[in-house]
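> Everything below, folded, please.
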Amino acid sequence: SVPLPLAFSPARPGDFETEFLLLNTAHGTEQRFHLSGHAFLNDPPEPALAIGTAAATFVHALPLPAAARGATLTVELIGLPGVTAPATLAVPPAAENPALELTIAAPPQPDAFSGVVFVSSREKALFFAFDVEVRINPAPPAGTARLNAVACDRVVHTFSVGNGTDDAITYELHTAGDAEDLL
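Coordinates of the predicted model:
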């Protein structure tokens, strides 16, 4: 048994498969090998991290490689609920820092999810795939109050609670911490 080094140096990105056969002409035996490989256009980047606040809409700029300059890009989002981007993007040839803006409509509750943004250009034979991780933090408190009272005495504080509709609404109260002493 001897080592047989094989080099994989694809000329283009994509998936590749091949089989090769080694024939031992002296003994009439053969060995068959199956090879598969995947070639990236460039090194896979670290996942882009977009952080926002629950129930808010925010924008995250996804930096594009310099090769995207002067191209019309097609954009596809996979596994990114509440995230939108233009379906096509024309990047000016002189763009200093080309970027794709992702608009993220955060859910009302804290959440985390990830997906992929595919960006391609047929005219320039470009293909980029970006892993995107979205983290949604809790919304800040609608109000804060510091209350002081003598033990076993009562102090009342009133918060203003909004209702952005003309309909009657019902709230549920959920508490954490020392709620028994404060409510």
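> for the one helix or strand residue 135 maps to, packing partners?
In this assignment (DSSP states H and E), residue 135 forms part of strand 126-137. Here strand 126-137 touches strand 48-53, strand 57-63, strand 111-121, going by 3 or more C-beta pairs under 8 Å, 6 or more residues apart in numbering; DSSP states H and E. (C-beta placed from N, C-alpha, C; glycine too.)
> low pLDDT regions in this protein?
For the chain, the stretches with pLDDT under 70 are 1-2, 8, 14-15, 34-45, 179-183.
> Residue 171 versus residue 81, what's the distance?
26 Å (C-beta to C-beta, to the nearest Å).
> Looking at these two, which has the bigger crowd around it?
Neighbour totals were compared for residue 81 and residue 171, and residue 81 leads with 12 against 7 (other C-beta atoms under 10 Å).
> Compute the inter-axis angle for the strand holding residue 135 and strand 57-63.
Here the directions of strand 126-137 and strand 57-63 differ by 140 degrees (axes from the mean of the first three to the mean of the last three C-alpha atoms, to 10 degrees).
> Show me which positions of strand 126-137 end up buried.
Neighbour-count burial for strand 126-137 flags 126, 127, 128, 129, 130, 132, 134, 136 (criterion: 16 or more other C-beta atoms under 10 Å).
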